[in-house]
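Engineer: Next come a sequence and a model predicted from it.
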Amino acid sequence: MIARNVTPLYAAGFVTAFGAHSIAASLGGYEHGSLLTLGILLAIYDGAEIVLKPVFGAVVDRIGPRPVLLGGLLAFALASAAFVFAGEPGAVGLTRFGQGAAAAAFSPAASAMVARLAPKARHGRAFGSYGAWKGLGYALGPVLGGVLITVGGFPLLFATLAGLALAVAVWALVAVPAVEPLPKVRQTVLDLARRISSPGFLRPTGTLAASTAALAVGVGFLPVQGAAAGLGTVATGAAVSVLAAAAAVVQPYAGRARDAGRLSEKVGMAAGLALAAVGFVVAAALPGLVGILVAALAIGAGTGVVTPLGFAALAAVTPPERLGQTMGSAEVGRELGDAGGPLLVGGIAVAAGLAGGFLGLTAVLVVTAVAVASSVE
């Protein structure tokens with residue numbers, strides 16, 4: 001029963017990942033006018049999520065996660081369909097913002113419902129499956145998005161996204177039970193500041209941000225490293241696929257190990273970051289095919305270990321009536337890592353080359369891993 005109830009929530013995670021990456025990976029060939037405009041189009045989805053996720057997270061706690069989940073999915077479908085009916089290429093920016101705002105609603109609602117519906121003893125497994133579905137969306141987005149655009153252009157891609165979001169909304173409406181908001185003690189701004197500055201929040205959130213930075217850099221820069229070493233698009237594309245597949249496959253196993261008591265959250269998060277750091281060292285030292293594939297496997301597996309443990313750790317220390325707010329705030333950390341990782345590596349690479357950029361991120365991952373491992377429970 002639990003599996004049937006939460007599976008549509010996993011599918012909601014797939015929607016936001018697939019929607020973001022299927023479009024972002026294809027915008028380079030869109031009539032955007034300039035690189036600056038392209039950068040804005042790439043950033044606007046994540047920007048909407050960063051600003052709005054804490055807001056919608058608080059709404060989740062106030063009115064319950066189910067209406068926010070359904071409303072967000074329907075808004076995503078409407079924003080996607082609007083592009084098709086507008087028939088204006090310039091509408092892609094507004095569409096991306098609308099999709100990002102909608103994802104900012106249903107993403108924290110889905111993760112909060114996963115925590116509410118799954119027994120605490122199975123939080124690791126539940127969040128592992130949720131992360132695996134998102135990883136599948138990241139992996140399939142660029143490939144299927146490219147196929148859809150080749151067949152029918154951007155209108156077909158956005159129409160597909162509209163239909164996908166609508167289908168998941170209907171599935172959630174039928175299968176996911178109502179989860180009523182819980183009574184809450186009045187919270188002041190100071191109370192909120194104390195909670196999100198506590199080690200119980202900062203440790204998993206910082207770990208999730210670091211692992212997301214590693215994932216974003218791996219997806220974005222491993223192909224660049226491979227191309228510089230003379231590898232073709234097939235080989236560099238395979239590296240990204242290996243990374244995404246490793247992250248998707250490892251997450252449920254890491255979650256199960258946590259639930260069974262074989263892997264503690266602190267040790268697992270530190271080990272995952274360390275494994276991702278090893279991947280970037282390999283990428284810097286061995287830019288050829290073998291090195292790139294080994295690096296992709298290590299980075300994907302490392303981030304796959306971190307994700308379910310981080311979310312399970314957050315759920316464990318959060319009062320049930322504040323899950324929406326906590327998950328929304330933690331997701332902001334992930335979005336900042338998603339944007340900050342590539343910026344850090346790119347900035348260092350200007351002066352020290354891409355290998356230097358990889359080593360710079362390695363240092364961040366190692367420092368974070370040591371901080372997590374040495375932190376007091």
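Structural biologist: Arrived safely, thanks for sending.

Engineer: Quick one: the helices in the stretch 201-350 of the chain, in order.
Structural biologist: Shown for the stretch 201-350 of the chain, the helices assigned by DSSP state H, counting those that start in this stretch span residues 233-259, 265-285, 289-317, 323-374.

Engineer: between the longest one and helix 289-317, how big is the angle?
Structural biologist: For helix 323-374 against helix 289-317, the angle between stretch directions is 120 degrees (axes from the mean of the first three to the mean of the last three C-alpha atoms, to 10 degrees).

Engineer: swap in the first one?
Structural biologist: Between the direction of helix 233-259 and that of helix 289-317, the angle (the same axes, to 10 degrees) works out to 30 degrees.

Engineer: for helix 233-259, which positions count as buried?
Structural biologist: If you call a residue buried by 16 or more other C-beta atoms under 10 Å, then helix 233-259 has these buried ones: 235-236, 238-248, 250-259. Placement of C-beta: from N, CA and C, glycine included.

Engineer: That one versus helix 265-285: what angle between them?
Structural biologist: 160 degrees.

Engineer: And for the longest one?
Structural biologist: In this structure, helix 323-374 runs at an angle of 70 degrees to helix 265-285, with the same axes, to 10 degrees as the basis.

Engineer: which strands and helices sit next to helix 323-374?
Structural biologist: helix 35-63, helix 65-86, helix 92-117, helix 189-196, helix 199-228, helix 265-285, helix 289-317 (3 or more C-beta pairs under 8 Å, 6 or more residues apart in numbering; DSSP states H and E).

Engineer: please redo it, this time with the cut-off set to 7 Å
Structural biologist: Helices and strands touching helix 323-374, as assessed by 3 or more C-beta pairs under 7 Å, 6 or more residues apart in numbering; DSSP states H and E, comprise helix 35-63, helix 92-117, helix 199-228, helix 265-285, helix 289-317.

Engineer: Please tabulate those helices in CSV and include mean pLDDT, distance to P177 and mean neighbour count as additional columns.
Structural biologist: Shown next, in CSV, are the helices and strands packed on helix 323-374 (pLDDT from 0 to 100; distance: least, C-beta to C-beta, whole Å; neighbours: other C-beta atoms under 10 Å):
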stretch, mean pLDDT, distance to P177, mean neighbour count
helix 35-63, 78, 15, 19
helix 92-117, 89, 8, 26
helix 199-228, 86, 27, 23
helix 265-285, 95, 28, 24
helix 289-317, 92, 18, 26
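
Engineer: Let me have the helices of the stretch 201-350 of the chain in a markdown table, adding distance to L144 as columns.
Structural biologist: Shown next, in a markdown table, are those (distance: least, C-beta to C-beta, whole Å):
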| stretch | distance to L144 |
| --- | --- |
| helix 233-259 | 13 |
| helix 265-285 | 26 |
| helix 289-317 | 19 |
| helix 323-374 | 21 |
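
Engineer: That concludes my questions; thank you for your assistance.
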